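Participant: got a sequence here, can you model it:
(chains A and B)
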Amino acid sequence: MTPTAKQSQLEAGVAAAIRRHGEETFPHECCGALIGTGDRVTAAVALPNTTEEGPRRRFLVRPSDYRTAEQRASELGGELLGFYHSHPDHPARPSQFDLDHAWPTFAYVIVSVMAGAARDMTVWFLKEDRSSFDEGTLNGDENSDSDPAPPVHG
Amino acid sequence: MATKILIPTPLRPYTDKQEAVEAQGATIAELLADLTTKHAGLKAHLYNEQGKLRSFVNVYLNDEDIRYLQKEQTPVSPGDTISIIPSVAGGRAGK
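Facilitator: Next up, the predicted model:
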């Protein structure tokens, strides 16, 4: 369950699905569940962002949707490995807010969406003492060599 | 009285990978205290530095959020099931 090597292997189509979701919801944050086995993510399941704090900079997966994600993982014969979300017009690095709300053992994939176009994608794991995240190795991101990011406006 | 507590995926490493464990107590507070005594690794992820349940930790008595009952003082009856269900939140830095 816990990725001992701190990595996530995205199966074909997973990275593209996450990028597409981030672009569709831009300038709002998208979020979804990562389902698979061990460190292999076989499916990204889009979930509604139910935050009431401003979806341009926050996301929330409410308990009922969390339950749905665990059920979906069971249906797919896998387990819930973590969650993904987007950072509109911000780097793919976790914020203090991400840290404050993180769960142990989960993989947290973040995709940066600059001016509507998905860019960098990273994966992070909460340290056991909750002090910070460790950046993991993200494999299987077919589009990791994306073009240089355009200027950010605003 | 032993009550079943359902453990979400990210906390199962702290319960020997069990999806459900049993704890003793007449209220939610007593149950969670017993749970975190038996499975000490859970404590830091359920409670903040002030000893309060973290805001993204949701505790349900059967299908009801204890925030809408008597919170941690909610009494537990034989046959009840407790579920710990995460909210997952985050977001970018800045305004």
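
Participant: residue contacts, the nearest residue to A:Gln96 once chain neighbours are set aside?
Facilitator: Leaving aside its sequence neighbours, A:Gln96 sits nearest to B:Ala93 (C-beta to C-beta, 6 or more residues apart in numbering or on different chains; 6.9 Å). Just so you know, the C-beta spots here come from the backbone N, C-alpha and C atoms, and that holds for glycine as well. Taking C-beta atoms under 8 Å, 6 or more residues apart in numbering or on different chains, we find B:Ala93 in contact with A:His90, A:Ser95, A:Gln96, A:Phe97.

Participant: could those go into TSV alongside neighbour count and pLDDT?
Facilitator: Formatted as TSV, these follow (neighbours: other C-beta atoms under 10 Å in any protein chain shown; pLDDT from 0 to 100):
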residue	neighbour count	pLDDT
A:His90	20	96
A:Ser95	19	93
A:Gln96	9	92
A:Phe97	17	92
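
Participant: for whatever helix or strand A:Val123 lives in, what is the average pLDDT?
Facilitator: Taking DSSP states H and E as the definition, one finds A:Val123 inside strand A:117-126. Here strand A:117-126 scores 97 as its mean pLDDT.

Participant: pull out the buried positions in it.
Facilitator: Residues A:Ala118, A:Arg119, A:Asp120, A:Met121, A:Thr122, A:Val123, A:Trp124, A:Phe125, A:Leu126 are the ones in strand A:117-126 that count as buried (16 or more other C-beta atoms under 10 Å in any protein chain shown).

Participant: and the residue nearest the centre of chain B, how far from A:Asp120?
Facilitator: Closest to where the C-alpha atoms of chain B average out (C-alpha atoms, centre = their mean) is B:Ile84, at 4.3 Å. For B:Ile84, the distance to A:Asp120 equals 33 Å [C-beta to C-beta, to the nearest Å].

Participant: just B:Glu72 next, same as before
Facilitator: Going from B:Glu72 to A:Asp120 by C-beta to C-beta gives 42 Å.

Participant: so who does the residue nearest the centre of chain A touch?
Facilitator: Centroid-nearest residue in chain A: A:Tyr84, 1.6 Å away (criterion: C-alpha atoms, centre = their mean). Residues in contact with A:Tyr84, defined by C-beta under 8 Å, 6+ apart, are A:Ile18, A:Cys30, A:Cys31, A:Gly32, A:Ala33, A:Leu34, A:Ala44, A:Tyr108, A:Val109, A:Ile110, A:Val111.
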